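> when you get a sec, could you give me coordinates for this:
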Amino acid sequence: MPIAYQKKRAVLSGICTVEEAETLLAWLLKNPSREVDVTQAEHLHMAVVQALLSQSAPVTGQPVNPFFAHHVRPQLEIFPESF
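All right, here's what the predicted structure looks like:
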């Protein structure tokens, strides 16, 4: 299973496909203060990235995929409220 939902965080691992996006979004809507750990993520479908961005989810960790770590992960930082 690409996403393990725990009490205080969701752990994304391996390849997270479009099928995981809706469930992740629902979890984030239900648990807005929870964080998402991407340390074990190899690939995230853009729908999963959009779910994270839409909820300004706190994202922790650096993914194993160098492209994702360099180009996508920095975009998942929470924007300042004044932005």
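
> gap between Gln6 and Lys30?
Between Gln6 and Lys30 the computed distance is 14 Å (CB to CB, to the nearest Å). Where C-beta positions appear, they are placed from N, C-alpha and C, glycine not excepted.

> now Phe67: phi and psi?
Dihedral pair for Phe67: phi -60, psi -50, per degrees, to the nearest 10.

> nope, Arg73 is what I was after
phi -50, psi -40.

> number the residues from 56 up from this point.
Sure, I'll start numbering at 56, so the last one becomes Arg128.

> that one contacts Pro118, correct?
Yes: proximity of Arg128 to Pro118 meets the contact threshold set by CB atoms under 8 Å, at 6.2 Å.

> shared neighbours of those two, which are they?
Common contact partners of Arg128 and Pro118 (CB atoms under 8 Å, 6 or more residues apart in numbering): Val93.

> who's more crowded, these two?
The neighbour comparison of Arg128 against Pro118 (other CB atoms under 10 Å) goes to Pro118, with 22 against 19.

> pLDDT score assigned to that one?
Model confidence at Pro118, given as pLDDT, is 87.

> which strands and helices sit next to the longest strand seen in the chain?
When the chain is parsed with DSSP state E, its longest strand is strand 90-99. On a contact count with 3 or more CB pairs under 8 Å, 6 or more residues apart in numbering; DSSP states H and E, strand 90-99 meets strand 64-71, strand 114-115.

> pick the most deeply packed of those strands.
Among these, the stretch with the highest mean neighbour count (mean count of other CB atoms under 10 Å) is strand 64-71, at a mean of 18.

> what angle sits between that one and strand 90-99?
For strand 64-71 against strand 90-99, the angle between stretch directions is 0 degrees (axes from the mean of the first three to the mean of the last three CA atoms, to 10 degrees).

> which stretches of the chain have low pLDDT?
Along the chain, segments meeting pLDDT under 70 span 133-138.

> one step back: including distance to Val93, could the helices and strands packed on strand 90-99 go into JSON lines?
Converted to JSON lines, those look like this (distance: least, CB to CB, whole Å):
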{"stretch": "strand 64-71", "distance to Val93": "5"}
{"stretch": "strand 114-115", "distance to Val93": "6"}
